[in-house]
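Asks: Curious how this folds, go ahead:
(chains A, B, C and D, ligands or ions: 2)
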Amino acid sequence: MTVLQEPAVNAETARSIGLTEEEFERLRKILGRDPNWTELGVTSALWSEHCSYKSSKIYLREFPTEGPHVLQGPGENAGVVDIGHGWVAVFKMESHNHPSFIEPYQGSMTGVGGILRDVFTMGARPIACMDALRFGEIDAPRMRFLIDGVVRGIGDYGNCVGIPTVGGETGFHRCYNGNILVNAFALGVARRERIFHARASGAGNPILYVGSRTGRDGIHGATMASESFDKESEQKRPTVQVGDPFTEKILLEACLEAMRTGAIVAIQDMGAAGLTSSTFEMAGRGGTGLLLDLDNVPLRQPGLTPYEMMLSESQERMVLVARKGREEELEKVFRRWGLEVADIGEVTSTGRAVLTWHGETAADIPIRPLTEEAPVYRRPVAAPSDLAERWRAPEVPQPSDPRAALEKLLATPEFAGKAWIWTQYDHTVRTNTVQGPGGDAAVLLLKGTPAGLAMTCDVNPVYCYFDPRRGGAQAVAEAVRNLAVVGAEPVGLTDCLNFGNPERPEVSWQFREAVRGMSDACRALGVPVISGNVSFYNETEGASIYPTPAVAMVGVIPNLSGLPEATFQGAGDRVVLLGEDRSEFGGAAYLRLLHGIEQGRPPEVDLDAELRLAKLLRSLIARGLLRTAHDLSEGGFLISLAEACFGRRPLGVRVEVPLDGADLFSESQGRAIVACPPAALDRVLQAAAEAGVPAREIGETGGDVLEVRSGGETFRAPVAGLHEIWSTALPKALGL
Amino acid sequence: MRCGVVVFPGSNCDHDVYHVLKHVLQQDVTFLWHQDDTLKGCELVVLPGGFAYGDYLRAGAMAALSPVMGAVKRHAEAGGLVLGICNGFQVLLEAKLIPGAMRRNQSLRFLCRDVYLKVERTDLPFTWKLREGQVLRIPIAHGEGSYEDSAEHLDALEANRQVVFRYVTPEGARADTDPQWNPNGAARGIAGICNPGGNVLGMMPHPERCSEPILGNTDGLTLLAGAVEAGSQVLGARR
Amino acid sequence: MKARVTVYPRREILDPQGKAIRDALSRVGFAGVDDVRAGKSFEISLTGEDPEAARRQLRDMCEKLLANTVVEDYSVELLGNEGGRT
Amino acid sequence: MKARVTVYPRREILDPQGKAIRDALSRVGFAGVDDVRAGKSFEISLTGEDPEAARRQLRDMCEKLLANTVVEDYSVELLGNEGGRT
Ligand SMILES: Nc1ncnc2c1ncn2[C@@H]1O[C@H](COP(=O)(O)OP(=O)(O)O)[C@@H](O)[C@H]1O
Ligand SMILES: [Mg+2]
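Replies: Ligands and ions are numbered 1, 2, ... in the order given. As a prediction, the model looks like this:
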C-alpha cells in the first residue's frame, strides 16, 4: 500500500486548512469517526466561505429572486432569464480579487475563464463579457503593474476565446491599494429548451472528466501544511493557476456540441476547489452518490495525492455525467476537438462520495451533510460607532472657476475616458455589438430578432462606505438608469459583493445593510437577482476595502431601430435635463477629487422617481423621439454634459441651467440629459409632464464649444481641448 | 456561389463570416474542417479571424501546417479565390501563399478599433466594386498585425501592385509613422496584400464586422459582395 | 559585454504554449519529442566589463523587470563580447 | 537529451519589444545597457541519443515551425541530459 506523507489529522491541522474547532467536531460527528487527511481537505474546501456562503447565506435570502422572466435563480452555475423570441440569457459575475493581486495577468485571465465556463456549462453560448475593476491610487506600489497585468489578462483571454468584452467599470481609490478588485461578468444565450443543469442523476451513469490535465495549481494553502512532512517541498508549493484560453475555446465548442448529442445528463465546470466542489455539488443537487476512481484522473505531473487531486484548481476542466452506454458518442466529439476524456467514476444511489486510489478507499463521506447542510453563521453585526460623524454634512467650497474644476476632474483617472482599457479588448467579435464600451450600457443584437440586449456594471464604493444601504440601492438604481438611457427594460441582475472580513461586526453590518439596500431597490424597480458571488476577506493589514457590491444588470430592448446615443449626434438638437436637482455632496467626487474631502451621507435614492424616469426614457426611446440620452451619475451635471460632447465627432453645446457653482457637480440621483430634434421637443416635455418627471429645456447642440450659463455667469470651453484632456488622461497617468 | 469558411481549432470569426455570406449575401456557405484535405467544391475560401491554436508561438504558424491548407494551396494555384481575414491573413503568410510576415503591434498591445483603409487596387475580384482611392472605415482587432518584410521584398510588392489596402487618415493621406492612423506600425502602412495572381487576398481589418446597417457601418459589405459576385463570374467562365 | 537572460515558466506551472508547440511538432511528424517548454530569451549588451558586477546587475534586472518570479524562473549567462548567436 | 532552441528577430528588423525593455530598464535606473534584443527560447526534451541526428531534427523543426525565417534567425544548442537552466 502507498504510504502518504500527510499531516496528522487533529484540530490543529484542521485549523491550518481553515476549519474551526466546531467545524472539525461537526465533521467528526457526521462521520462518526476521525476524518483522514483527504476527507478533511475536501470538507474544508466545501465549508470554505467561498463554496459554502456560510457568513452571507442568511442575508442573501432577502434578495428578490423571482420574476416573470426568471427561469433559474441563484443556486446553479449561473442564472437564467427569458428574453423572448424563444431565447434565454444566462449570466453571472464572479470575483478573482486575491489571485489578481498576487499575479494580475494570470489572476484576471483565470477569472474570465471561470465565469465563461459557468455560463457555457448551462448550455448557453457566451456572447459578451464585462469587467468591473477597482484599483488603488495609480502611484501606489505595484499599481501600474497590476493595472497593466489585469487589463492584458482580461483582454488576452476574452480576445482569444472570441467573446467580446463590451462593458465594465474602472474605479480608483486608496482603499484598494493593497487589495484590488477584479470582477468578471459573462452572458450567454441559448434556446429556451436547451438549458442544462448540474444535477447528477441515474445510478450507474459514468462520470467523465474533460479538458486540461490536473496539476498542483492553486491548491489552497493546505499543501503548505504538509510541507514539513515532505522531501521536495519546493516542488509542492501551491502554484499560481495559469489560464489557457485556447483550451477554453475548444472546450467551449466541444461541450456545446456534446450537449447537442443528448448523451449528457449533467455537466459542471471545475472551479474553486476543482474536482471536489464540482462532483459534490452535482451529487448534492441530485441527491445521489459518487464513486470516483482517482487513478483515472489525468495528471500533468506524476505523484499527486488524492488530497491534491481533489483540491487542485487547474483551469479549463469540466466534469460531466453521461447516459450509460453513450460515452462513445461523447468521447468522439471531444477527441475530434483534440481534448482528453477520462472515465473517472460513476453516479451511485448511496448518497456518499467514495474515492478510491491505488486499490484503496481514499475517502468515504456522506455528501448532503457536507453540501446542502454546510454550516451557516449569523455573525455579530455592529454599525460603526462614528456613523453620526460620517453623516455630518460636508462644507462645500464653491468653485472659483467651474471650467478649471471641470478640466481638473476630466483629467483624473476616475473620470478620464477608459478607451485605453477597452480598446485592448475585442468588443466587436461575433458581430452583435451595436453599442460597445464608451456609452452608458452596452447594446447587443439578438440575431434573427428585432430585439437587443443591454448590460451595465455599476456601484459607488464611497457611497457604500458612508451608507451601505443607500449605496446598495444606488448601485441598482444607477444600473436601471444606464439601461433606461438605451431603452432597455431590466430582466435581472447579478452581483459581486466585495467586502472585508465578515468576522468584524462592522463588515457584517455593511454587508447586511448593502444587501437590504439592494433588495429594496430591486423590489421597487422590479429587478430580480438571478445569480451572484460573495468575496469576503478583502483586507490588508487589518484595513478593509470599502464595501463594494458591484451590480451587473441585463435588460431587453424590444426594438433596436432608432436608438439614441450617449453623445450628441448633430447641431440644432434641443437639450433637456430630466429629474430633480438638489444640492447633494455626501461622498461626492467633486469634494473628494478637488478638495480632498470625503464626508457625508450619500445622495438620497428616491426609488419611485427612478422608476418614473426609467419608464419615461424607455417610452421616449421606443417612440424614436431621442437622438441622445445620457444619465447623470458620479460628478453630476457638468461631467455628464461634457461626456455627451465626446462623440466620434466631438460636438459643442450651449446651455443655461438653474444650477449654481458647486451645484453643477452635485450628485443628485434620478437625472438624465436627453437631446431631440426641435420638432420633437414639445412631445418630449409633454411626456415628461405626464410621467411626473421634472424636465426643462436647457439649450441646444452645435458649434465646437461647451458653453454654460448659470447664475448670471457664463463659461466657455472648446470641446476639442476638453476631449484632449479626457481622452489622454489615463495613459498619461499610467506613464505611457 | 459556393463559399467555404475554414475552421481551425481557435478560429473565432468563422461564424461571423458565415453569417454575412449566408444571411446578408444569400450565398451557399459551408464550414471546412482543418483536418479535411478537401474544399468540398467551394469557389471562395475564407480563412477567418481568431486565434488558431491559440496563436501560440506565432499567429498562424501552427494552422499553416494543417491538412486543409494543402487543399487551399492547390485551390489558389488553380486561380481559385482565397480571402484571409486577420488571423486568416497571418495563416496565409505563414503558409507562404503571400509574401512577408506579421509581427506584434508596435505598441505591444492588442488593439480593437476602427481604422481607415485606402483602396489601392480595384482590378481584383475582391475589390472591383470599390473605387480607386476610396477610403473605407473598418474595424481591426489584433495584437500581431505589423506587416514586415525586407526592403527589397517590399519594393517588389509595390512594383507588382500587390498592396491592396493601406492604413491612412480619414482623408486618405498616408501616415505610416503615426500610430493613430497606422495602428500597428505595419511597414509602409500595409493593411492588405494579394498574391501576384490577385486571387489570394490577406487583410488585417474585419470586413465582416461592418456589413450590416444595424451595426452602423456597411463599408465591409461591398468588398465581400464583390468577392462572391466575382466568384460567380469565375464559376460561370469555367462552365 | 554581451549577456543572455533566459526566462522560463516555473517547472510546476502549466506552460500552455510549450504544450501547444509539442503537440504541433508531433502533428507534423517529429517523433520523439517528450516535452517542450517555451520561454523568453533576452540578449543584453552592457557597457561594464566586470563579469561579477554584470551578473549581479542582470539578476537584479530579472527580479525587477525581466522575469515575473511568481510564475517564472530565470537564468543569466555571460557571452563575452562576440555574442553567442550564429 | 535536452536541447535549447533560441529564436531572435533578424538584426535588420526592428525589435520594438527589445527597445521597450531597454527603455524600461533605464527608467528603473539600470545604467550601461546599450541594447536589448528580445527573442524566444525553447527547451526541448528528445528521446533520441545521437547528437547529430538531434541537431538535424532541431534545425528542421526551426525551418518548419519554430522560426519564421522571413523575419527571424534561430540557433540550436544541445544541453546534454541534465538541462542547462539553474
Ligand atoms: N474595465 C472596463 N472594461 C470595459 N469597459 C469599460 C471599463 N471601464 C469603463 N468602461 C466603459 O466606459 C464607459 C464609462 O464607464 P462609467 O463611467 O462607469 O459609465 P457610467 O457612469 O454610465 O456607469 C462605459 O461604457 C463602460 O462600459
Ligand atoms: Mg451612465
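Asks: In which helix or strand does the closest residue to chain D within the stretch 251-400 of chain A reside?
Replies: Across the stretch 251-400 of chain A, the shortest distance to chain D (Cβ to the nearest Cβ) belongs to A:Gln301, at 13.7 Å. The C-beta positions use only the backbone N, C-alpha and C, and glycine is treated the same way. Assigned by DSSP states H and E, A:Gln301 falls within no helix or strand.
Asks: For chain B, see how far away it is.
Replies: 20 Å (Cβ to the nearest Cβ, to the nearest Å).
Asks: What residues does that residue make contact with?
Replies: A:Gly215, A:Arg216, C:Glu12 (Cβ atoms under 8 Å, 6 or more residues apart in numbering or on different chains).
Asks: For the stretch 151-300 of chain A, which segments are assigned as strands?
Replies: Secondary structure of the stretch 151-300 of chain A by DSSP state E, counting those that start in this stretch: the strands cover A:165-172, A:181-191, A:206-211, A:264-269, A:289-293.
Asks: CSV please, covering those strands and showing distance to chain B and mean pLDDT.
Replies: Listed next are the strands of the stretch 151-300 of chain A as CSV, based on distance: least, Cβ to the nearest Cβ, whole Å; pLDDT from 0 to 100:
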stretch, distance to chain B, mean pLDDT
strand A:165-172, 9, 98
strand A:181-191, 13, 98
strand A:206-211, 14, 96
strand A:264-269, 19, 93
strand A:289-293, 29, 95
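Asks: in a helix, that's where A:Ala675 is, yeah?
Replies: No - secondary structure of A:Ala675 (DSSP: H, G, I helix; E, B strand; the rest coil): strand, not part of a helix.
Asks: Enumerate the residues of chain C near ligand 2.
Replies: Residues of chain C lying near ligand 2 by Cβ under 5 Å from the ion: none.
Asks: For chain C, which segments are assigned as helices?
Replies: Here chain C has its helices, by DSSP state H, at C:16-27, C:51-61.
Asks: Buried by neighbour count: which residues of the longest one qualify?
Replies: In this case it means helix C:16-27. Across helix C:16-27, burial judged by 16 or more other Cβ atoms under 10 Å in any protein chain shown covers C:Pro16, C:Gln17, C:Gly18, C:Lys19, C:Ala20, C:Ile21, C:Arg22, C:Ala24, C:Leu25, C:Arg27.
Asks: tell me, which of those residues make contact with chain B?
Replies: Subset of the buried residues of helix C:16-27 in contact with chain B: C:Pro16, C:Gln17, C:Ala20, C:Ile21, C:Ala24, C:Arg27, counting by Cβ under 8 Å from any Cβ of the partner chain.
Asks: Do I have it right that the first one meets A:Lys249?
Replies: No - with contacts counted by Cβ atoms under 8 Å, C:Pro16 stays clear of A:Lys249, the gap being 11.7 Å.
Asks: so what's in contact with these two at the same time?
Replies: Both C:Pro16 and A:Lys249 are contacted by B:Gly54, under the criterion Cβ under 8 Å, 6+ apart.
Asks: mind listing what residue 135 touches?
Replies: Unless you meant another one, I'm taking chain A. Here A:Phe135 is in contact with A:Met143, A:Leu146, A:Ile147, A:Val150, A:Thr170, A:Gly171, A:Phe172, A:Tyr176, A:Ile180 (criterion: Cβ under 8 Å, 6+ apart).
Asks: looking at chain B here, not the other one
Replies: Counting by Cβ under 8 Å, 6+ apart, B:Val135 touches B:Tyr116, B:Leu117, B:Lys118, B:Val119, B:Val168, B:Pro170, B:Glu171, B:Gly172.
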